[in-house]
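J.: Here you go, sequence then predicted model.
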Amino acid sequence: MKVLLVNGSPRKDGNTFTALSEAARVLQEEGFDTDFFHIGNQPVRGCITCGTCSQTNSGRCVFNDDAANHLIEAAESADAFIFGSPTYYGQPNGALLAVIQRALYAGSQAFAFKPVASVVVARRGGATAAFQTMNMPFQMCNMPIATSQYWNIIYGALKGEAKLDPEGLQTMRTLAHNLAWMTRNLAAEPHYDLASEPHQRTNFIR
Ligand SMILES: Cc1cc2nc3c(=O)[nH]c(=O)nc-3n(C[C@H](O)[C@H](O)[C@H](O)COP(=O)(O)O)c2cc1C
């Protein structure tokens, strides 16, 4: 089984990578394959509500020139996910949010019913708000969320400083252990059935 670790920082080898790497190490010890997906530092589009993905049911976003469709592709062969982000102004990286929003909207089937967790990095403040924002899309996409012994936060500013946060590293290890347990047990459960009902889209217009 494979866990996809999504690095939502433009710094490929920064503190988000340090946090995800600590989790990856534990996942490997638990017998999981791990793959990293870096959203990188190239421009990313926001969703333009064109509706093409819904109309064509293609499972892909109409824009094929950034990380969103690559993420959907990588998600198809993953059994679980950890999404990591730096905290920017008390929020996750905007580019990562744009990628997540488009990938989940166009490619929801590659993510649904697969366990997920978010982790955030901060120099000092705003991490809990960023963490909550990260979890919002997963909570409405039928993705069971794994937790740890604290909110999934690690502290650091300069590259690699997160290695100096023992409690943050511990949180990542426990998270990885819990995600592994959840993923393994859900897969082994013969009655694993988190199927949702067809959406009754009730917009508040009367
Ligand atoms: C635009 C920007 C905004 C930031 N805002 C915050 C913030 O609100 N709170 C905070 O603690 N750190 C903030 N930081 C610091 C980063 O979260 C921190 O350096 C983090 O380690 C970066 O992760 P990375 O090494 O994976 O890129 C900000 C950094 C940038 C570039």
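T.: Cool, got the structure.

J.: What residues sit buried inside the longest helix along the chain?
T.: The longest helix of the chain (DSSP state H) is helix 166-188. For helix 166-188, the neighbour count (16 or more other Cβ atoms under 10 Å) marks 168-169, 171-180, 182-184, 186 as buried. C-betas here are computed from N, CA, C, even on glycine.

J.: tell me the least confident of those?
T.: In terms of pLDDT, the lowest of the buried residues of helix 166-188 is Leu186, showing 92.

J.: what sits against the residue in the chain that the ligand sits nearest to?
T.: Nearest residue of the chain to the ligand (Cβ to the nearest ligand atom) works out as Gly14 at 2.3 Å. Contacts for Gly14 (Cβ atoms under 8 Å, 6 or more residues apart in numbering) come out as 86, 121, 159-160.

J.: From the residues you listed, list the buried ones, please.
T.: Applying 16+ other Cβ under 10 Å to the contacts of Gly14 flags 86, 121 as buried.

J.: Would you mind extracting the C-alpha trace of stretch 60-78 into PDB?
T.: Taking Å, rounded to 0.1, in the frame of the first residue of the first chain, the C-alpha atoms of stretch 60-78 are listed here in PDB:
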ATOM      1  CA  ARG A  60      -9.300  15.900 -14.900                       C
ATOM      2  CA  CYS A  61      -9.200  19.700 -14.800                       C
ATOM      3  CA  VAL A  62      -9.600  21.500 -18.100                       C
ATOM      4  CA  PHE A  63      -6.300  23.300 -17.300                       C
ATOM      5  CA  ASN A  64      -3.400  20.900 -18.000                       C
ATOM      6  CA  ASP A  65      -0.500  23.300 -17.500                       C
ATOM      7  CA  ASP A  66       0.100  23.000 -13.800                       C
ATOM      8  CA  ALA A  67       0.300  20.600 -10.800                       C
ATOM      9  CA  ALA A  68      -3.500  19.900 -10.400                       C
ATOM     10  CA  ASN A  69      -3.900  17.100 -13.000                       C
ATOM     11  CA  HIS A  70      -0.500  15.600 -12.000                       C
ATOM     12  CA  LEU A  71      -1.800  15.400  -8.400                       C
ATOM     13  CA  ILE A  72      -4.900  13.600  -9.500                       C
ATOM     14  CA  GLU A  73      -2.800  11.100 -11.500                       C
ATOM     15  CA  ALA A  74      -0.600  10.500  -8.500                       C
ATOM     16  CA  ALA A  75      -3.600  10.100  -6.300                       C
ATOM     17  CA  GLU A  76      -5.100   7.300  -8.400                       C
ATOM     18  CA  SER A  77      -2.400   4.900  -7.300                       C
ATOM     19  CA  ALA A  78      -2.300   6.000  -3.700                       C
END
